[in-house]
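Peer 1: Next one to model:
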Amino acid sequence: MGRPTWRYWQPASEPVWPGWRSYDEASAIVDALDHVYDIACRHRAKALVVNLSIGAYAGAHDGRSTVERKITELARRGADGSGLPCTVVVSAGNAGLEEGHYCGYAEPGRPFSFEWRMSREDTTQNKLEIWYRSAEPLEITVAPAGSPQQLRITPGATHPIIWCGTRVGIADHVPQVRPPLSRARLLLHPPYVPDHLWDRETGELLLNIRCTAVEDTAFVHAWLERDDGLENRSTLYPSDASCSLSCLATAERAVVVGAYVLDGPSIHPFPPSSLGPHPWTGEHTAPLLCAPGHRIWGVRSKSLGFSEIRGTSAATALTSGVIALLYQRLSGGGASPMVSPTELLIEHCSQGKWSPRFGFGAVDIRQLIGEVAA
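Peer 2: Numbering: from 1, shown residues only. Next comes the predicted model:
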């Protein structure tokens with residue numbers, strides 16, 4: 001049985017638990033981006049392409065996280081001529097089928113509610129984040145199906161979630177954590193949940209999450225964090241595949257890549273590929289395009305061999321390579337490129353209309369490499 005990260009947290013001595021982790025705020029990723037950029041500048045590179053694939057989904061998805069702002073900063077340096085031309089390619093994510101996102105409106109007298117479902121076989125802690133846009137804090141409650149026990153997630157210190165005398169998880173609720181957005185987070189560990197709360201027929205735990213607006217209508221998004229392994233994966237019901245992008249995919253100027261399946265001359269959707277658009281603005285910039293993401297051969301990590309991979313990470317790597325080749329061609333005369341490789345990619349793959357799964361169209365990797373080589 002896995003041990004939850006909050007197992008030894010003592011609320012009396014530490015009212016705010018310091019262990020909350022968010023990939024879109026990770027200082028290590030920011031430092032890595034700065035480090036790669038500095039190395040490229042020291043080597044007097046003509047341009048830089050960064051392939052960034054972080055398979056995480058919880059977060060604000062507003063483009064203003066620490067990592068997203070760094071991505072935007074690096075891209076802008078090259079665009080305005082103040083630094084090295086730089087393109088950051090970000091994977092859209094593989095959450096299109098995971099039932100890990102749901103959105104709607106909480107209105108006074110009409111709460112926004114959904115179920116959070118998890119399996120009794122799940123031995124890992126599960127994380128849910130609820131983000132909402134409202135001037136006033138929502139009333140957020142969590143209750144096991146068929147149980148009178150109801151926990152209110154009030155704004156303030158970290159809440160221990162205690163059922164039948166057992167701490168099964170923790171939660172917090174921070175209004176205006178990133179104005180105008182507020183956030184509530186829940187971490188639950190299924191092995192700690194008392195037996196009588198599990199459904200005897202399905203072996204599932206069904207939690208009713210209810211968000212009630214006090215005065216004004218609030219727009220609400222709920223995202224589950226990635227949890228590998230089917231037996232460890234919790235789900236939301238109902239769920240919505242739209243806006244299921246990775247937590248870094250709303251960075252301004254990022255080239256966000258989805259995946260497709262190539263079957264001879266035909267292109268088919270890669271079902272797990274995450275869908276846009278931007279959740280709060282509805283902007284049609286993520287995904288920007290899509291590339292092959294099924295049965296792709298790549299170098300196996302920490303080895304000298306190769307393995308067959310699939311997903312938007314593979315599509316992102318292929319797109320990063322093509323962009324690097326385009327930079328090389330554009331700067332062939334020795335000068336810094338004046339045309340953006342992104343513009344050439346959009347021109348190459350444009351289908352005339354943006355779609356939440358394919359973006360502006362599919363990149364033909366073989367054709368582009370042929371054109372660059374020629």
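Peer 1: Tell me where the model's unsure across the chain.
Peer 2: For the chain, the stretches with pLDDT under 70 are 1-2, 332-339, 350-351, 374.
Peer 1: What's the biggest helix in the chain, counting residues?
Peer 2: Secondary structure of the chain per DSSP state H: the longest helix is helix 312-330.
Peer 1: who touches the next helix or strand after that one?
Peer 2: Note on helix 312-330: by DSSP states H and E, the next helix or strand toward the C-terminus is helix 341-349. With C-beta atoms under 8 Å, 6 or more residues apart in numbering as the test, helix 341-349 has contacts from 87, 255, 288-289, 319, 322-323, 326-327, 330, 360-364, 367-368. Just so you know, the C-beta spots here come from the backbone N, C-alpha and C atoms, and that holds for glycine as well.
Peer 1: With stretch 73-89 instead?
Peer 2: Contacts made with stretch 73-89 from outside it, assessed by C-beta under 8 Å, 6+ apart, are listed as 33, 37, 40-41, 45-52, 71, 251-255, 257, 316, 319-320, 323, 327, 336-337, 340-342.
Peer 1: According to the record, where do the domains of this protein fall?
Peer 2: What automatic domain parsing lists as the domains of the chain is 23-95+246-373, 101-237.
Peer 1: For W9, find the nearest of these.
Peer 2: domain 101-237 (7.0 Å; C-beta to C-beta).
Peer 1: First-to-last residue distance for that closest one?
Peer 2: Across domain 101-237, the terminal residues are separated by 9 Å (C-alpha to C-alpha, to the nearest Å).
Peer 1: Repeat that for stretch 242-258.
Peer 2: 13 Å.
Peer 1: go on, stretch 288-301?
Peer 2: 27 Å.
Peer 1: So for it, what gets flagged as buried?
Peer 2: Within stretch 288-301, the residues that count as buried by 16 or more other C-beta atoms under 10 Å are L288, L289, C290, A291, P292, G293, H294, I296.
Peer 1: dump the residue contacts of the third one.
Peer 2: Read that as C290. Counting by C-beta under 8 Å, 6+ apart, C290 touches 257-260, 270, 273, 315, 357-359, 361-363.
Peer 1: so how far is P144 from the residue minimising distance to the centre of the chain?
Peer 2: Geometric centre of the chain, nearest residue: S246, 2.0 Å, by C-alpha atoms, centre = their mean. According to C-beta to C-beta, to the nearest Å, S246 and P144 sit 30 Å apart.
Peer 1: Equivalent analysis for S239, please.
Peer 2: In this structure, S239 and P144 are 20 Å apart, going by C-beta to C-beta.
Peer 1: which phi and psi does R69 have?
Peer 2: Note on R69: its backbone torsions stand at phi -70, psi -40 [degrees, to the nearest 10].
Peer 1: now S82
Peer 2: Given degrees, to the nearest 10, the pair of backbone angles that S82 has is phi -90, psi 0.
Peer 1: one step back: let me have the contacts of C290 in a markdown table, extended by neighbour count and distance to H221.
Peer 2: Below are the contacts of C290 laid out as a markdown table (neighbours: other C-beta atoms under 10 Å; distance: C-beta to C-beta, whole Å):
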| residue | neighbour count | distance to H221 |
| --- | --- | --- |
| V257 | 32 | 22 |
| G258 | 33 | 20 |
| A259 | 33 | 23 |
| Y260 | 23 | 26 |
| F270 | 25 | 23 |
| S273 | 29 | 19 |
| A315 | 31 | 25 |
| R357 | 20 | 19 |
| F358 | 24 | 23 |
| G359 | 27 | 21 |
| G361 | 21 | 27 |
| A362 | 20 | 28 |
| V363 | 24 | 29 |
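Peer 1: Which of these fall in strands?
Peer 2: Using DSSP state E, the subset of these located in strands is V257, G258, A259, Y260.
Peer 1: List the residues that contact the first one.
Peer 2: Meaning V257. Going by C-beta under 8 Å, 6+ apart, V257 touches 89-92, 287-291, 312, 315-316, 319, 359.
Peer 1: Equivalent analysis for the second one, please.
Peer 2: Contacts for G258 were tallied using C-beta under 8 Å, 6+ apart; they are 92, 270, 273-275, 287, 289-291, 293, 312, 315, 357-359.
Peer 1: Report the beta-bridge partners for it.
Peer 2: As for beta bridges, G258 partners with C290 under DSSP bridges.
Peer 1: So which of the ones in strands among the contacts of C290 is the closest to P190?
Peer 2: Among these, A259 lies closest to P190 (C-beta to C-beta), at 30.7 Å.
Peer 1: ok, the nearest residue to that closest one once chain neighbours are set aside - contacts?
Peer 2: Nearest residue to A259 in three dimensions, chain neighbours excluded: G293, at 2.4 Å (C-beta to C-beta, 6 or more residues apart in numbering). If you count contacts by C-beta under 8 Å, 6+ apart, G293 has them with G258, A259, Y260, V261, F270, S273, R310, G311, T312, A314, A315.
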